[in-house]
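Enquirer: okay, structure incoming, though there's no sequence with it:
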């Protein structure tokens, strides 16, 4: 399940990068950048949680 979430978040980041490249509207680009930042934060939190769980399971 965690790997599926990784792929989903990374796919959403990739799609938003594509939207930035395709868009000529600066407001839209700003929105996509904001979305990517939030997705990166979510991905970072997910990885941190996985690392904590991994460390806990080794104890």
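Expert: Received, thanks. Every value quoted in this text rests on a predicted model; they were computed, and no experiment measured them. Numbering: from 1, shown residues only.

Enquirer: helix or strand for the closest residue to residue 40 other than its chain neighbours, which one?
Expert: Nearest residue to residue 40 in three dimensions, chain neighbours excluded: residue 13, at 6.9 Å (Cβ to Cβ, 6 or more residues apart in numbering). C-beta: built from backbone N, CA, C; applies to glycine. Using DSSP states H and E, residue 13 falls within helix 2-22.

Enquirer: which parts of that helix are buried?
Expert: By neighbour count on 16 or more other Cβ atoms under 10 Å, the buried set for helix 2-22 is 9, 12, 13, 16, 19.

Enquirer: which helix runs longest in this protein?
Expert: The single longest helix within the chain, with elements called by DSSP state H, is helix 26-58.

Enquirer: what is the mean pLDDT for that helix?
Expert: Per-residue pLDDT over helix 26-58 has a mean of 93.

Enquirer: and that helix, what's buried?
Expert: For helix 26-58, a neighbour-count test (16+ other Cβ under 10 Å) marks 29, 32, 35, 36, 39, 43 as buried.

Enquirer: which residue packs closest to the third one, ignoring adjacent ones?
Expert: If you skip the residues right next to it in sequence, residue 35 has residue 16 as its closest partner in space, 5.2 Å away by Cβ to Cβ, 6+ apart.

Enquirer: which residues touch that neighbour?
Expert: 32, 35, 36, 39 (Cβ atoms under 8 Å, 6 or more residues apart in numbering).

Enquirer: give me that answer again for 7 Å
Expert: Applying Cβ atoms under 7 Å, 6 or more residues apart in numbering, we find residue 16 in contact with 32, 35, 36.

Enquirer: tell me the angle the helix holding residue 13 makes with helix 26-58.
Expert: If you take axes from the mean of the first three to the mean of the last three Cα atoms, to 10 degrees, helix 2-22 sits at 160 degrees to helix 26-58.

Enquirer: from the chain's centroid, how far away is stretch 7-16?
Expert: 6 Å (Cα atoms, centre = their mean, to the nearest Å).
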